[in-house]
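only geometry, no sequence info:
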């Protein structure tokens, strides 16, 4: 299956604690390269996010943004450290007995002492559970978007592969006539030069010409690579790297076909092949 490396997804979840929003953006990259922007209160989830991502994605530069809009949970009451208050009171009474002019200590003085009043810590476990759930949904949506975007490329590949197969078949069909035409031209050059046609010499020249212009292997390899690309496009695993390699091999054979060309029509076919290969290679760069 073709999966694009360019996609975007966004999911959110709400609770009594507020709203958590997850956005994931991906673009093409040779390897899987994730980057996370998480609130400090949820930073511990990064390793878990990485594990979930590696199980679903193989390639691409991935930017994950998690935002938490928390409800104001400022408590109208405070927890009082009664042990500390009693200790402060005992210490104050002891000091008052020592001083000549003791100053009375009031409740506000004690409240100002560090640690006397404590604000209950917020329980972030519901937020962490919601963050994991919303990340999972965003990741699932992202994979679906990548698959849809990738499948839109399938007709482009099918069309170009079909055209390439037609060009290869056309060149293959022309080669016997082209070789026969080359043989006639060679005989005409000998006759024009008034050179006696030595059968052995003519045979040697014909063998050299056939070897130089023989493109059967290149045409066979082009057909094989075209079929391999078609089969690879139907695979379930990440196929981008394999397709990139196959594009290189196709281009190599097209170049060889061009260098061995003995006719303008073969040269045009080789150029057309290279144009089609380059068009596919541009799309392959964005396939997972």
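On my side now, so go ahead. Just so you know, these numbers come straight off a predicted model, no measurement behind them.

Residue 2 contacts residue 154, doesn't it?
Yes - the criterion here is C-beta atoms under 8 Å, and residue 2 meets it with residue 154 at 5.8 Å. Just so you know, the C-beta spots here come from the backbone N, C-alpha and C atoms, and that holds for glycine as well.

So which of the two has more stuff around it?
It is residue 2, of residue 2 and residue 154, that has more neighbours when counted by other C-beta atoms under 10 Å, with 25 against 13.

Over to the more buried one. Which of the three states is it?
Secondary structure, DSSP: H, G, I helix; E, B strand; the rest coil: residue 2 is coil.

Torsion angles phi and psi at the closest residue to residue 150 other than its chain neighbours?
Excluding the flanking residues, the one nearest residue 150 by C-beta to C-beta, 6 or more residues apart in numbering is residue 2, at 3.5 Å. Phi and psi for residue 2, reported as degrees, to the nearest 10, are phi -80, psi 130.

cool, and residue 20?
Dihedral angles of residue 20 (phi, psi; degrees, to the nearest 10) stand at phi -120, psi 130.

joint contacts of residue 2 and residue 154?
Contact criterion C-beta atoms under 8 Å, 6 or more residues apart in numbering; residues shared by residue 2 and residue 154: residue 233.

Counting by contacts, list what the longest helix seen in the chain packs against.
The residue-count maximum for a helix in the chain (DSSP state H) belongs to helix 154-192. Contact here means 3 or more C-beta pairs under 8 Å, 6 or more residues apart in numbering; DSSP states H and E; on that basis helix 154-192 packs against helix 199-213, helix 216-233, helix 264-284.

Flag every buried residue along the longest one.
Spelled out, that is helix 264-284. By neighbour count with 16 or more other C-beta atoms under 10 Å, helix 264-284 contains the buried residues 266, 269-270, 273-274, 276-277, 280-281, 283-284.

secondary structure class for the residue of the chain most remote from its centre?
For the chain, the largest distance from the centre (C-alpha atoms, centre = their mean) belongs to residue 100, which lies 79.3 Å off. Assigned state for residue 100: coil (three-state reduction, three-state DSSP).

mind checking how far the longest helix of the chain is from the chain centre?
Computed by C-alpha atoms, centre = their mean, to the nearest Å, the chain-centroid distance of helix 154-192 equals 39 Å.

Kindly report the same for stretch 24-42.
Offset of stretch 24-42 from its chain centre (C-alpha atoms, centre = their mean): 12 Å.

First residue to last residue on it, what's the distance there?
16 Å (C-alpha to C-alpha, to the nearest Å).

now do stretch 280-288
Its first and final residues considered, stretch 280-288 spans 14 Å by C-alpha to C-alpha.

hang on, the earlier thing: how about the helices and strands packed on helix 154-192 in CSV, adding mean pLDDT and distance to residue 8?
Output for those, formatted as CSV (pLDDT from 0 to 100; distance: least, C-beta to C-beta, whole Å):
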stretch, mean pLDDT, distance to residue 8
helix 199-213, 58, 52
helix 216-233, 94, 24
helix 264-284, 94, 19
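
Out of these, flag the one nearest residue 165.
Minimum separation from residue 165 across the helices and strands packed on helix 154-192 (C-beta to C-beta) falls at helix 216-233, 5.4 Å.

dump the residue contacts of the closest residue to residue 41 other than its chain neighbours.
Among residues not flanking residue 41 along the chain, residue 124 sits closest, at 5.5 Å (C-beta to C-beta, 6+ apart). Each residue near residue 124 by C-beta under 8 Å, 6+ apart is listed here: 17, 41-42.

before we move on, what about residue 255?
By C-beta under 8 Å, 6+ apart, the contact list for residue 255 reads 270, 274.

is it true that it lies in a helix?
Yes - under three-state DSSP, residue 255 sits within a helix.

Quick check: it vs residue 284, distance?
Residue 255 is 18 Å from residue 284, where distance means C-beta to C-beta, to the nearest Å.

Now for the nearest residue to residue 287 once chain neighbours are set aside, how many residues are close by?
In this structure, residue 287 finds its nearest non-sequential neighbour in residue 240, 4.1 Å apart by C-beta to C-beta, 6+ apart. Using other C-beta under 10 Å, residue 240 has 23 other residues around it.
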